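>>> quick one: sequence plus predicted model below, questions after.
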Amino acid sequence: MEYHDLLMKMGIGSAHPGGYRATLRLLNHFFPEGDAKILELGCGTGRSACELARRGYEVTGVDIRPEMIEKGKRRAAQEKVTVHFLVADAYHPPFPSEAFDIIFIESLTVFLDVEEIISRYAELLRPNGMIFDREMMAKEDLPEPLFDEISRFYGIGFLPTPELWKKLFLQKGFSDVTLWDLQTVAEELENPAYEEADLNQMVDED
């Protein structure tokens, strides 16, 4: 079973670096207060989108998989929050340029054509907008056999180092690019609070 098919079937809502605890740290420490208009691309089952809505933001969640969007709608109903969910391709979401104050992404960019999708992020943001993107990265260039194994499992074409991630965003016109919360996988898994229980996880029965 392909990696993203497994996430969809299991209804996993936080399969990104650091898990849901890292999402909460990011929101608590870096997100601005107010009524910002937020787009989450690759929203999956909507766990983070619903948390953003609970905090008072106007949230749109986009995913290419209809099954994920359906689970997101059910989650929002259970949590009694309002999120505008829709099925769309991240490369061509149905929004005009400069439509959002914040773009929020958790483990999506690395699976796509990185240069093309970062350009799309820039088009969708309003002047002085912000992007928050949690992604896998390699601490250093990986030996080819190790990268091949990671590539086969996740279905990714390359795994940037922190320095390369920063360079890619700067090249597309982003400024003040900050790398935050860099941890190895081993360091993350040693943390007993790695994951927060998802009380609204929806596992397919078949």
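Arrived safely, thanks for sending.
>>> give me the beta-bridge partners of the residue nearest the centre of the chain?
When Cα atoms, centre = their mean is applied to the chain, the residue found nearest the centroid is Glu106 (1.6 Å). Beta-bridge partners for Glu106, by DSSP bridges, are Arg134.
>>> can you get me a residue count around Ile38?
24 (other Cβ atoms under 10 Å). C-beta: built from backbone N, CA, C; applies to glycine.
>>> with Arg152 instead?
Using other Cβ under 10 Å: Arg152 sits among 10 other residues.
>>> contact partners for it?
By Cβ atoms under 8 Å, 6 or more residues apart in numbering, the contact list for Arg152 is empty.
>>> what distance do you get for it to Lys167?
26 Å (Cβ to Cβ, to the nearest Å).
>>> stretch 162-180 spans what distance, first to last residue?
10 Å (Cα to Cα, to the nearest Å).
>>> what's the next secondary structure element after the helix or strand of the chain with the lowest mean pLDDT?
Each helix and strand of the chain was given a mean pLDDT (mean pLDDT, DSSP states H and E); the minimum falls on helix 3-10 at a mean of 44. Next helix or strand after helix 3-10 toward the C-terminus (DSSP states H and E): helix 19-30.
>>> now that following helix: buried residues?
Gly19, Tyr20, Ala22, Thr23, Leu26, Leu27 (16 or more other Cβ atoms under 10 Å).
>>> mind checking pLDDT for the second one?
Tyr20 is assigned a predicted lDDT (pLDDT) of 83.
>>> also Glu2?
At Glu2, pLDDT is 51.
>>> quick check: longest helix in the chain by residues?
helix 66-79 (DSSP state H).
>>> strands along the protein, start to end?
Along the chain, the segments classed as strands by DSSP state E run 37-41, 58-63, 84-87, 100-106, 125-134.
>>> so which elements touch the fourth one?
Using 3 or more Cβ pairs under 8 Å, 6 or more residues apart in numbering; DSSP states H and E as the contact criterion, the neighbours of strand 100-106 among helices and strands are strand 37-41, helix 47-54, helix 114-124, strand 125-134.
>>> try it again with 6 Å
Strand 100-106 sits against strand 37-41, strand 125-134, with contacts defined as 3 or more Cβ pairs under 6 Å, 6 or more residues apart in numbering; DSSP states H and E.
>>> and if you look at the third one?
Packed against strand 84-87 by the contact rule (3+ Cβ pairs under 6 Å, 6+ apart) you find strand 58-63, helix 66-79.
>>> what residue ranges in the chain are flagged as low confidence?
1-18, 142-143, 145-148, 150-151, 154, 181-206 (pLDDT under 70).
>>> circling back: quick check: the farthest pair among the buried residues of helix 19-30?
Gly19 and Leu27 (13.5 Å; Cβ to Cβ).
>>> end to end, how far does stretch 99-114 reach?
So stretch 99-114: terminal residues 21 Å apart, Cα to Cα.
>>> pull out the buried residues from it.
Neighbour-count burial for stretch 99-114 [16+ other Cβ under 10 Å]: 99-112, 114.
>>> centre of the chain versus it, how much separation?
6 Å (Cα atoms, centre = their mean, to the nearest Å).
>>> again, but for stretch 93-105
On Cα atoms, centre = their mean, the centre of stretch 93-105 falls 14 Å from that of its chain.
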